[in-house]
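A.B. asks: next input, structure requested:
(chains A and B)
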Amino acid sequence: GIQVEQSPPDLILQEGANSTLRCNFSDSVNNLQWFHQNPWGQLINLFYIPSGTKQNGRLSATTVATERYSLLYISSSQTTDSGVYFCAVEGFGNEKLTFGTGTRLTIIP
Amino acid sequence: DAGVIQSPRHEVTEMGQEVTLRCKPISGHNSLFWYRQTMMRGLELLIYFNNNVPIDDSGMPEDRFSAKMPNASFSTLKIQPSEPRDSAVYFCASSGTVGGPQHFGDGTRLSIL
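C.D. replies: Residues are numbered from 1 along each chain as shown, chains lettered A, B, ... in the order given. As a prediction, this is how the structure comes out:
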């Protein structure tokens, strides 16, 4: 199956800093999604981004499918951005998402 | 609009008991997914349905696990008999299109003593 690697595994930043989270995948994918799991355990879909660039407020994502990676950018981070960010990919021919192991982001006031 | 609704939020039960987890997908969504999250294995897909039909159950760990979707607005995941190693957070998600964005419920935290 497809392998999904995320880096860095942990990131601690001061409030207001910017960050870049990376997701590498081992094969061609039909779609890629980014999720945020907040400290209460809720999984929120941030982006559905099989290719190209999308922006939503302080967050943006870019997927370069031909090079098998995606980046999630968080600008002017706030304490509410803390949590674990997951990248998940779907291979061709099915709807099964394979999740990476996540990046744990901690924003310090 | 209501999101994916799961119940119960928490379940604590003794080993050997039957456990039933419930999920109501977002209205109009035709794909439904059951996931399990543990520290050791992360997020794993157990089974998914499309138009109420099970499409892939290869992630179901063993015969003690079963899932049904009797109609478009309800699904259950059953564990019988339960074991301590089944302790995990179980998530249900739904999607409006094949391969589209998945939206998750708040999960059921299951503890088997």
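A.B. asks: next one: the spatially most central residue of chain B from B:E83, what distance?
C.D. replies: Closest residue to the average C-alpha location of chain B: B:W34 at 3.3 Å, with Cα atoms, centre = their mean. Distance, B:W34 to B:E83, by Cβ to Cβ, to the nearest Å: 18 Å. In this view, the C-beta of every residue, glycine as well, is placed from N, C-alpha and C.
A.B. asks: now do B:T38
C.D. replies: Noted for B:T38: a distance of 13 Å to B:E83, by Cβ to Cβ.
A.B. asks: A:A61 contacts A:L71, doesn't it?
C.D. replies: Yes. Under the criterion of Cβ atoms under 8 Å, A:A61 makes contact with A:L71 at 6.7 Å.
A.B. asks: the two: which is more packed in?
C.D. replies: A:A61 (23 against 16; other Cβ atoms under 10 Å in any protein chain shown).
A.B. asks: mind listing the strands for chain B?
C.D. replies: Secondary structure of chain B (DSSP state E): strands at B:5-7, B:10-13, B:19-24, B:31-38, B:42-50, B:53-56, B:65-71, B:74-79, B:88-95, B:102-104, B:108-112.
A.B. asks: other SSEs contacting the last one?
C.D. replies: If you count contacts as 3 or more Cβ pairs under 8 Å, 6 or more residues apart in numbering or on different chains; DSSP states H and E, strand B:108-112 packs onto strand B:10-13, strand B:19-24, strand B:88-95.
A.B. asks: and those, which is most packed in?
C.D. replies: Highest mean neighbour count of the helices and strands packed on strand B:108-112: strand B:88-95, a mean of 24 (counted as mean count of other Cβ atoms under 10 Å in any protein chain shown).
A.B. asks: anything in that one near chain A?
C.D. replies: Yes. Strand B:88-95 lies within reach of chain A by Cβ under 8 Å from any Cβ of the partner chain, at B:89, B:91, B:93, B:95.
A.B. asks: a markdown table for those, including pLDDT?
C.D. replies: Listed next are the residues of strand B:88-95 next to chain A as a markdown table, based on pLDDT from 0 to 100:
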| residue | pLDDT |
| --- | --- |
| B:V89 | 98 |
| B:F91 | 98 |
| B:A93 | 97 |
| B:S95 | 95 |
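A.B. asks: ok, A:F92 to chain B distance?
C.D. replies: Going from A:F92 to chain B by Cβ to the nearest Cβ, to the nearest Å gives 9 Å.
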